[in-house]
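Visitor: 3D, please:
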Amino acid sequence: MSDVSQFKLPDVGEGLTEAEIVSWKVKVGDTVKVNDVIVEIETAKSLVELPSPYAGVVEGLLVEEGATVPVGTPIIAVRAPGAAPAGPAATPGEDVVPTPTEAEPERQAVLVGYGPRTAAARRRPRKAAPASPEASVPAAAALTAAFNPVDHGEKGAFEDEIGPDGQDQRVEEAADGPDTVATSVAAEAVRVLAKPPVRKLAKDLGVDLTAVVPSGPDGTVTRADVQEAADGTARVARPVESGAGWNGLAREERIPIRSVRKATAAAVTRSAFTAPHVTEFVTVDVTRTMRLVERLRDSREFRDVRLSPLAVLARAMCIAVHRTPEVNARWDGDAGEIVVQRYVNLGIAAATPRGLVVPNVKDADQLPLRDLAVAINALAATAREGKTPPSDMIGGTISITNVGVFGIDTGTPILPPGEAAIMAFGAVRKQPWVHKGKVRPRWVTTLGLSFDHRLVDGEPGSRFLADVAAILEDPAQALVWG
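Guide: The predicted model follows:
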């Protein structure tokens, strides 16, 4: 029986087909215990930390950071405690060739849900490439866009849509970093050291290998170097030539379509061309809602809660859904049925540094205003960190997108797949408004409701939107309907 076990990339419970290796939490030679976190992966929905199903010593990391691999790919080899090393340790990106081993019975992985593993094979690393005559230069670290929330209205908003403002910061940080490394014509003529898979990746991404600063052993270009060059976060091995684009950057940049962006593109395309969208708008005087929010913030029950008009809108939608259940239904074309959902899993669209995600608050209609505000805050905090669990990303019934945090009056949002309605919450602004026969400055916002016309006719859609507007205009209406 082999002393080395290989852990294969599992499906973490969301129909996963592939994932990117974001960062290894262990290195070759480390001792690990069962359920120790060994790697962080990025799926189409979230960042996930994977625990080890084996105990022992890390024999090899079989996949580089930054590489995207399909489910079932061996990603790490762990040697059993006390067993002798099988040979030179495998490192990410190193080509390895399995050698025949005696048949061995399958053993069950310790970690529940990952299923049985197949018999592990010993691996023999290929001979290392000869040393490069040039000194290697470490690649620049990837720049991460900073996240700063934006208030919605005057003291009254919550950043449910997470708007990264890191573009200018990225430029500034790049300018503060080391100068780019220039190479001479003679240096460019030297053959670039890169393995065939890395060369193929560079070709697929349109990256010129001679312009990439290597970070691998002996000046070898790694997959991470190529990926960083494609993402525009790595230094280049020659100065920008004439005819560059903005801020001295390349005139064109190619960014791989993956993870959240790939999933979002597929979802909105499927929704836009499956569900016939209708969007209606209403402009509302929300002065009473804004005053209510300010009063509640000073109350004992809400002193430790970040309350915003978004929470009031969320509560208003939950109340209005009970009066117009069509907006909370689901179309099941395969069964030829309309599914009436007598619960509200309220989605909150969040624009995170990883892309757009729509996690949802389960059974939101059962929560009082305070608990709903707490749940929304928790969703946003988790989304900021890219830690939204798969369970929070499925099962939504109706959603909100808060475009007002960007100063936008309203929008025509696309439905999350499977949902019948989504509400766009516009910016809350002080505007001249006729109130009690006189023009006065009032807090005003515009709501935009998109709904699936297969499920929701114009009359119930309009009634639902009017009900939500009525509660925002006079929150006391919730006592009558709630």
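
Visitor: According to the record, where do the domains of this structure fall?
Guide: Here the domain assignment for the chain is 4-105, 181-239, 260-481, based on automatic domain parsing.

Visitor: Give me the secondary structure label for the residue nearest to Val374 when sequence neighbours are not counted.
Guide: Here the nearest residue to Val374 in space, its sequence neighbours aside, is Val305; by CB to CB, 6 or more residues apart in numbering that works out to 5.9 Å. For glycine as for every other residue, the C-beta is placed from the backbone atoms N, C-alpha and C. With DSSP: H, G, I helix; E, B strand; the rest coil as the basis, the three-state label of Val305 is coil.

Visitor: and of the domains of the chain, who's closest to Gly248?
Guide: domain 181-239 (9.1 Å; CB to CB).

Visitor: Identify whichever of the domains of the chain lies nearest to Glu253.
Guide: Scanning the domains of the chain with CB to CB as the criterion, the closest one proves to be domain 181-239, at 5.2 Å.

Visitor: pLDDT averaged over the closest one - what is it?
Guide: Across domain 181-239, pLDDT averages out at 70.

Visitor: so where do the helices sit in this structure?
Guide: Counting by DSSP state H, residue ranges of the helices within the chain are 166-176, 185-189, 196-205, 223-231, 259-272, 287-297, 309-323, 369-384, 458-473, 477-481.

Visitor: Report the backbone C-alpha coordinates of the third one in PDB.
Guide: When you say that, I think you mean helix 196-205. This file holds the C-alpha atoms of helix 196-205, laid out as PDB (Å, rounded to 0.1, in the frame of the first residue of the first chain):
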ATOM      1  CA  PRO A 196       5.300  23.600 -22.200                       C
ATOM      2  CA  PRO A 197       2.100  24.100 -20.100                       C
ATOM      3  CA  VAL A 198       3.300  27.600 -19.200                       C
ATOM      4  CA  ARG A 199       4.000  28.400 -22.900                       C
ATOM      5  CA  LYS A 200       0.600  27.200 -23.900                       C
ATOM      6  CA  LEU A 201      -1.000  29.300 -21.200                       C
ATOM      7  CA  ALA A 202       0.900  32.400 -22.400                       C
ATOM      8  CA  LYS A 203      -0.200  31.700 -26.000                       C
ATOM      9  CA  ASP A 204      -3.800  31.300 -24.900                       C
ATOM     10  CA  LEU A 205      -3.700  34.600 -22.900                       C
END
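
Visitor: how far does that helix sit from the chain's center?
Guide: The gap between the average C-alpha position of helix 196-205 and the chain average comes to 26 Å, counting by CA atoms, centre = their mean, to the nearest Å.

Visitor: and Leu143, what pLDDT?
Guide: Confidence score, pLDDT, at Leu143: 26.

Visitor: Would you mind listing the buried residues in the lengthiest strand in the chain?
Guide: Using DSSP state E, we find that the single longest strand of the chain is strand 438-452. Buried residues in strand 438-452, defined by neighbour count with 16 or more other CB atoms under 10 Å: 442-452.

Visitor: and that strand with helix 259-272, angle?
Guide: Per axes from the mean of the first three to the mean of the last three CA atoms, to 10 degrees, the angle that strand 438-452 makes with helix 259-272 is 90 degrees.

Visitor: Dump the domains of the chain to CSV, plus distance to Arg251.
Guide: Compiled in CSV, the domains of the chain are given as follows (distance: least, CB to CB, whole Å):
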stretch, distance to Arg251
domain 4-105, 25
domain 181-239, 12
domain 260-481, 22
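
Visitor: who does the longest strand of the chain pair up with?
Guide: Taking DSSP bridges as the criterion, strand 438-452 sits next to strand 277-285 (antiparallel), strand 421-425 (antiparallel), strand 429-435 (antiparallel) in its sheet.

Visitor: So which residues make contact with the first one?
Guide: Strand 277-285 is touched from outside by 410, 412-415, 433, 435, 442-453, 456, 458, 461-462, 465-466, 469, 472-473, with contacts defined as CB atoms under 8 Å, 6 or more residues apart in numbering.

Visitor: got the CA coordinates for stretch 326-339 in CSV?
Guide: Extracted C-alpha coordinates of stretch 326-339, given in CSV (Å, rounded to 0.1, in the frame of the first residue of the first chain):
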residue,chain,number,x,y,z
GLU,A,326,-47.0,36.4,-7.5
VAL,A,327,-43.7,38.4,-7.2
ASN,A,328,-42.3,35.6,-5.0
ALA,A,329,-43.2,32.6,-7.2
ARG,A,330,-40.9,30.5,-9.4
TRP,A,331,-41.4,29.2,-12.9
ASP,A,332,-40.7,25.5,-13.3
GLY,A,333,-40.7,25.0,-17.1
ASP,A,334,-39.6,21.3,-16.9
ALA,A,335,-42.6,20.4,-14.7
GLY,A,336,-45.0,22.8,-16.4
GLU,A,337,-45.8,24.4,-13.0
ILE,A,338,-45.7,27.7,-11.2
VAL,A,339,-44.2,27.1,-7.7
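
Visitor: Pull the number of nearby residues for Ala351.
Guide: Under the neighbour criterion other CB atoms under 10 Å, Ala351 is assigned a count of 21.

Visitor: which regions of the stretch 51-200 of the chain lie under the pLDDT threshold?
Guide: Applying pLDDT under 70 to the stretch 51-200 of the chain picks out residues 86-191.

Visitor: Apply 50 and report the result again.
Guide: Residues of the stretch 51-200 of the chain that meet the criterion pLDDT under 50 lie in 90, 93-190.
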